[in-house]
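S.K.: Quick one, fold the following:
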Amino acid sequence: MKDGVNGVALAVFILFFLAVTVMGFLAARWRKAENEHSLDEWGLGGRSFGTWITWFLLGGDLYTAYTFVAVPAAIYAAGAAGFFAVPYTILIYPMMFVFLPRLWSVSHKHGYVTTSDFVRGRFGSKGLSLAVAVTGILATMPYIALQLVGIQAVLDVMGIGGGEDTNWFIKDLPLLIAFGVLAAYTYSSGLRAPALIAFVKDALIYIVIAVAIIYIPIKLGGFDDIFAAANDKYTEAGAGGLVPTAASQWTYATLALGSALALFMYPHSVTAVLSSRSRDVIRRNSTILPLYSLMLGLLGLLGFMAIAAGIKVENGQLAIPQLFENMFPDWFTGIAFAAIGIGALVPAAIMSIAAANLFTRNIYKDFLKPDATPAQETKVSKLVSLLVKVGALVFVLGMDKTVAINFQLLGGIWILQTMPALVGGLFTRWFHRWALLAGWAVGMTYGTVAAYGVASPTQKHFGGSSAEIPGIGEIGYIGLTAFVLNLVVTVVLTFVLKAVKAPEGVDETKPGDYTADAGDPGVQVELPPATAGAAH
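M.R.: As a prediction, this is how the structure comes out:
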């Protein structure tokens, strides 16, 4: 690590940070809304984004600073097993093509802003809707925190904030400033801010990856030497070299599959999807988003390069920022750090908006103030988006940064338990609402307890996301095991509840709602009865 502050890199970083800050505030004037006081406008960008805006927004949403820092860091620490993120992002897009256009259509038809809105309308159950909303908020919080960890990793490598003995306020001041800017333009511009900034973020990331994948191997003697150095490290560590051992194959496969199933259950993923202007935009994006998976595969190789470059860090999340500082000229290091920093701002903004929308629509409006007007909903959502970011900031400042990823993995276990209600509900009304709620409770309980029992060198509890699969004996992803239990309980109880003729609730949707498009005759957003007369 270079001594002191890297002034050139810092200057370039600040330049880009100021540029996206200005863009964030100007976004309120971009595609200006006719009625700014509605969640459709503030929280979903007016449901008006076309193919390319949605592509950049989804890319900025799904491929985050966490991706940039943690995926190659996992490969740096654990070997090729860290590449599980590549197959899961490949698996998800065919699934996305099948079910997300249906979610878009029914949400457009009925004015749904969140997944919980749909669950409530489909199954006539505020309790099930509340469970989905609370799960979404809980799963999103550590994800936002990870974005702030990404920013902090970059600041640490640049030498900003002083050493460990520095006063906590001075040390964390740069992160507090970044947080304040993020909170301000998100409050002001809503989803339009990250949608606009995503263009800069993705362009920077593609440039950095393209340069890194050519420039760094040249300096390190080529990929033969890089792979040889990585193989030697993993062999010495007893990890079996570059190829994962047979014992880890169940873990790899179940983690990839479970992560794929969970990805579009996250509220921020759905928020980006619902912001598009037609179902065809979603279909087109499912065919072009795999370009990001190609980028992710190249990004993973940086973990091998960090080994070959002799990077030594106690916190693996610093490995890639340190690699950039050691290998690149200072000016390009600043660009790379800006890519990571902006790569944190975009998803953090979308995540906070998505969590705020869940609270506003499915807790505040459903249980606290049923007659809330659209303007009141928007005001509450703006305030909650600030509180969500404050919670994430407290998490980052108050906990060990090296374990932040384990809490995000716990969030993945949780959010996967909403899949039977959401995806199942998009295709069938057969599942009983009480059975879905019971299945969710079983999956959440098992997943949390199992994760609590996993230890790591840095944590006694919640030290990972893999444990022995009951009845099989192999080590696998806890979230997928919990999901299977969830589904079994849901199916069995549905048979029982239907046999005793338990009340099933009212389905406010119709079969044609799931294939409707924006241009279809007679299709328009239906406001809930309580707010239909209060649009202005």
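
S.K.: quick one: P217 from D517, how far?
M.R.: Taken as CB to CB, to the nearest Å, the spacing of P217 relative to D517 amounts to 47 Å. No exception for glycine: its C-beta is placed from N, CA and C like everyone else's.

S.K.: Over to K498?
M.R.: If you go by CB to CB, the gap between K498 and D517 works out to 33 Å.

S.K.: Repeat that for P470.
M.R.: Taking CB to CB as the criterion, P470 is separated from D517 by 44 Å.

S.K.: of those two, who's got more company?
M.R.: With other CB atoms under 10 Å as the criterion, P470 and D517 differ in neighbour count, and D517 comes out ahead with 15 against 11.

S.K.: what helix or strand does that one sit in?
M.R.: Using DSSP states H and E, D517 is not contained in any helix or strand.

S.K.: just checking, it touches R102?
M.R.: No: with contact defined as CB atoms under 8 Å, D517 does not reach R102; the gap is 11.5 Å.

S.K.: what's the offset of stretch 185-200 from the middle of its chain?
M.R.: Between the mean C-alpha location of stretch 185-200 and the chain-wide mean there is a distance of 16 Å, by CA atoms, centre = their mean, to the nearest Å.

S.K.: typed the wrong thing, it's stretch 202-217
M.R.: In terms of CA atoms, centre = their mean, the gap separating the centre of stretch 202-217 from the centre of its chain is 23 Å.

S.K.: Can I get it in CSV, CA atoms only?
M.R.: Listed in CSV are the C-alpha atoms of stretch 202-217, where the atom choice follows Å, rounded to 0.1, in the frame of the first residue of the first chain:
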residue,chain,number,x,y,z
ASP,A,202,-21.8,1.4,-16.3
ALA,A,203,-19.6,3.2,-18.8
LEU,A,204,-16.8,3.6,-16.2
ILE,A,205,-17.1,-0.1,-15.1
TYR,A,206,-16.8,-1.4,-18.7
ILE,A,207,-13.8,0.9,-19.4
VAL,A,208,-12.1,-0.2,-16.2
ILE,A,209,-12.7,-3.9,-16.9
ALA,A,210,-11.6,-3.6,-20.5
VAL,A,211,-8.3,-1.9,-19.5
ALA,A,212,-7.7,-4.2,-16.5
ILE,A,213,-8.1,-7.4,-18.4
ILE,A,214,-5.5,-6.3,-21.0
TYR,A,215,-3.2,-4.0,-19.0
ILE,A,216,-2.7,-5.9,-15.8
PRO,A,217,-1.9,-9.3,-17.4
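
S.K.: And it, what's buried?
M.R.: Residues 202, 204-206, 208-209, 212-213, 216-217 are the ones in stretch 202-217 that count as buried (16 or more other CB atoms under 10 Å).

S.K.: among those residues, which are in helices?
M.R.: Using DSSP state H, the members of those that fall in helices are 202, 204-206, 208-209, 212-213, 216-217.

S.K.: Just put these in JSON lines and tack on pLDDT and distance to L323.
M.R.: Formatted as JSON lines, these follow (pLDDT from 0 to 100; distance: CB to CB, whole Å):
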{"residue": "D202", "pLDDT": "86", "distance to L323": "21"}
{"residue": "L204", "pLDDT": "89", "distance to L323": "17"}
{"residue": "I205", "pLDDT": "88", "distance to L323": "15"}
{"residue": "Y206", "pLDDT": "88", "distance to L323": "18"}
{"residue": "V208", "pLDDT": "91", "distance to L323": "11"}
{"residue": "I209", "pLDDT": "91", "distance to L323": "13"}
{"residue": "A212", "pLDDT": "93", "distance to L323": "8"}
{"residue": "I213", "pLDDT": "93", "distance to L323": "12"}
{"residue": "I216", "pLDDT": "95", "distance to L323": "7"}
{"residue": "P217", "pLDDT": "95", "distance to L323": "12"}
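
S.K.: Taking these together, which two end up most distant?
M.R.: Within these, two members stand farthest from each other by CB to CB: D202 and P217, at 23.2 Å.

S.K.: For the protein, which segments count as strands?
M.R.: Counting by DSSP state E, one finds strands in the chain at the ranges 466-468, 475-477.

S.K.: Now for the nearest residue to T333 once chain neighbours are set aside, how many residues are close by?
M.R.: If the residues on either side of it in the chain are set aside, T333 comes closest to A9, at 4.3 Å by CB to CB, 6 or more residues apart in numbering. A9: 27 surrounding residues under other CB under 10 Å.

S.K.: Look at A9 and report its pLDDT.
M.R.: In the predicted model, A9 carries a pLDDT score of 88.

S.K.: residues touching it, list them.
M.R.: With contacts defined as CB atoms under 8 Å, 6 or more residues apart in numbering, the neighbours of A9 are 158, 325, 330-331, 333-334, 337.

S.K.: again, but for I90
M.R.: 290, 293.

S.K.: Over to A354?
M.R.: A354 makes contact with 43, 114, 136, 140, 266-268, 270-271, according to CB under 8 Å, 6+ apart.

S.K.: ok, those residues vs L242, which is closest?
M.R.: Scanning the contacts of A354 for proximity to L242, where the rule is CB to CB, the winner is Y266, at 31.2 Å.

S.K.: Give the closest residue to that closest one in space, chain neighbours not counted.
M.R.: Closest to Y266 by CB to CB, 6+ apart is I415, at 5.6 Å.

S.K.: What separation is there between that neighbour and I137?
M.R.: Applying CB to CB, the value for I415 to I137 is 10 Å.

S.K.: Show me which of these two is the more surrounded one.
M.R.: Neighbour count, other CB under 10 Å: between I415 and I137, I415 has more, with 26 against 20.

S.K.: Surely that one touches F264?
M.R.: No: contact criterion CB under 8 Å: I415 and F264 do not qualify, at 9.7 Å.

S.K.: Distance of G479 relative to G334?
M.R.: In this view, G479 and G334 are 38 Å apart by CB to CB.

S.K.: These two - which one has more neighbours?
M.R.: A direct count of neighbours by other CB under 10 Å for G479 and G334 places G479 higher, at 30 against 26.

S.K.: list the contacts for the nearest residue to that one once chain neighbours are set aside?
M.R.: The spatially closest residue to G479, leaving aside those adjacent along the chain, is I413, at 3.8 Å (CB to CB, 6+ apart). By CB under 8 Å, 6+ apart, the contact set of I413 is 447-448, 451, 465, 478-479, 482.

S.K.: Can you give me the distance of S116 to L437?
M.R.: Distance of S116 to L437, given as CB to CB: 13 Å.

S.K.: Pick out whichever of these two has more residues nearby.
M.R.: When S116 is set against L437 and neighbours are counted by other CB under 10 Å, the residue ahead is S116, at 30 against 21.
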